[in-house]
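> Build me a model from this:
(chains A and B)
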Protein chains: 2
Amino acid sequence: MTLSNEEARGIAEAILDLKERACFCGRCFNITDSELCPVCRDPGRDASRICVVEEPSDLIVIENTRSYRGLYHVLLGTLSPLDGLTPERLKIRELLERVAQGGVEEVILATNPNTKGEATAQYLAQLLKPMNVHISRIAYGLPLGGDIEFADEVTLSKSLEGRREI
Amino acid sequence: MTLSNEEARGIAEAILDLKERACFCGRCFNITDSELCPVCRDPGRDASRICVVEEPSDLIVIENTRSYRGLYHVLLGTLSPLDGLTPERLKIRELLERVAQGGVEEVILATNPNTKGEATAQYLAQLLKPMNVHISRIAYGLPLGGDIEFADEVTLSKSLEGRREI
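Got it, this is the predicted structure:
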């Protein structure tokens, strides 16, 4: 109510404009306003790696780490058959087609570290296994700045199991 | 005030008894009431692995995971020179002596995943390097049940970096 009529109209137009122009990237299903998203258009990215995430918001947080230079594939959801999210509802077929086209050496499964995300990762791993690519899963472990004493048992056990040689 | 005199006396005696009998394990510096702690006494444990932790409480949480069958070494602190916690104040010399005695194949550095714990782990790794043992560090990564979207950037970047082949 504190907005002027003009400001309100500005916001309304911006929403309509966004709704009209925003679409999914034709290759990785990131949100974009052109045929391909900025990551897919960037010739400096390493096209031999595909990082599979559930949602465009996951892609954004991974981009913010600045530690990954490959491409992405957004599933637009996670497997959850009881909620009607069956494999056909996700962009899984499109992922397999991208890998089948060749040039991909590694598929990094970066679905969420919870039950549904883990089930989705295992399902994808099974489909990808015969396709002659390296398949990897992001690491479970202790978060930085944490304390062993307050870690839950499963995370601690994964952190021990996944220990790395110094 | 709700305790009877007898109950109060019971608790007081238990505390004095504990104070009198509790001591540090002669080998790993876990808390015990005999010369060696129950872990060091157990012949079923894998003596070729030593997991280095900061405090006896860390040992307890790792034991609770039931995923580790080796021995421990408790430093009784973490390096923090500004607080007077120099290497001589921790059980570091004792660790090096244990490794030097032979039979140890791997030292797992399970100090806390924060600045002091990491500094302590790096310091120990330097001392252990010439001793011909495998040195490993517990994995950084996403905690189970978490969500990529809410992970901090450094943890997420460590989780990507530490990804494991499926």
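
> Show me the shaky parts of chain A.
For chain A, not a single residue meets the criterion pLDDT under 70.

> A:A125 touches A:V133, doesn't it?
No - using Cβ atoms under 8 Å, A:A125 is not in contact with A:V133, being 10.5 Å away. To be clear about C-beta, it is placed using only N, CA and C from the backbone, and glycine gets the same treatment.

> Who is the residue positioned nearest the centre of chain A paired with across the strands?
When Cα atoms, centre = their mean is applied to chain A, the residue found nearest the centroid is A:V53 (1.6 Å). Taking DSSP bridges as the rule, A:V53 bridges to A:V74.

> Tell me, how many residues neighbour the closest residue to chain B within chain A?
Using Cβ to the nearest Cβ, A:G141 is the residue of chain A that sits closest to chain B, at 3.0 Å. Using other Cβ atoms under 10 Å in any protein chain shown, A:G141 has 30 neighbouring residues.

> again with A:N114
16.

> How about the contacts made by the closest residue in space to it that isn't next to it in sequence?
Spatial nearest neighbour of A:N114, chain neighbours left out: B:G145 (5.1 Å); criterion: Cβ to Cβ, 6 or more residues apart in numbering or on different chains. When the contact criterion is Cβ atoms under 8 Å, 6 or more residues apart in numbering or on different chains, the partners of B:G145 are A:113-114, A:152.

> repeat for A:L109
By Cβ under 8 Å, 6+ apart, the contact list for A:L109 reads A:52, A:120-121, A:124-125, A:135-138, B:166.

> For the closest residue to it other than its chain neighbours, give its distance to B:P56.
The shortest distance from A:L109 to any non-neighbouring residue, by Cβ to Cβ, 6+ apart, is to A:A121 (4.1 Å). Note on A:A121: its distance to B:P56, by Cβ to Cβ, to the nearest Å, is 37 Å.

> do the same with A:G77
According to Cβ to Cβ, A:G77 and B:P56 sit 45 Å apart.

> and what of A:E7?
Going from A:E7 to B:P56 by Cβ to Cβ gives 62 Å.

> one step back: and the residue nearest to the centre of chain A, what does it touch?
A:59, A:62, A:72-75, A:110-111, B:148.

> Looking at the residues you listed, which one is closest to B:C23?
B:I148 (46.0 Å; Cβ to Cβ).

> how deep is the closest one tucked in, by neighbour count?
Neighbours of B:I148 (other Cβ under 10 Å): 23.

> From what I see, it and A:E63 are in contact.
No - using Cβ under 8 Å, B:I148 is not in contact with A:E63; the gap is 11.9 Å.

> For A:I108, give the beta-bridge partners.
A:C51, A:S136.

> tally of neighbours for it?
There are 22 residues near A:I108, going by other Cβ under 10 Å.

> and the gap between it and B:E118?
25 Å.

> which residue packs closest to A:S57, ignoring adjacent ones?
Using Cβ to Cβ, 6+ apart and skipping the chain neighbours, the partner closest in space to A:S57 is B:E149 (5.3 Å).

> Next: A:F24.
A:F24 sits nearest to A:I31 (Cβ to Cβ, 6+ apart), 6.5 Å away.

> And for A:T155?
B:P143 is the one closest to A:T155 (Cβ to Cβ, 6+ apart), at 4.5 Å.

> any idea how far B:R9 is from the residue nearest to the centre of chain A?
For A:V53 relative to B:R9 (Cβ to Cβ), the value is 62 Å.

> cool, and A:L156?
Using Cβ to Cβ, we find A:L156 at a distance of 39 Å from B:R9.

> Who has more neighbours out of these two?
In this view A:L156 and B:R9 are compared by other Cβ under 10 Å, and A:L156 has more residues nearby, 27 against 11.
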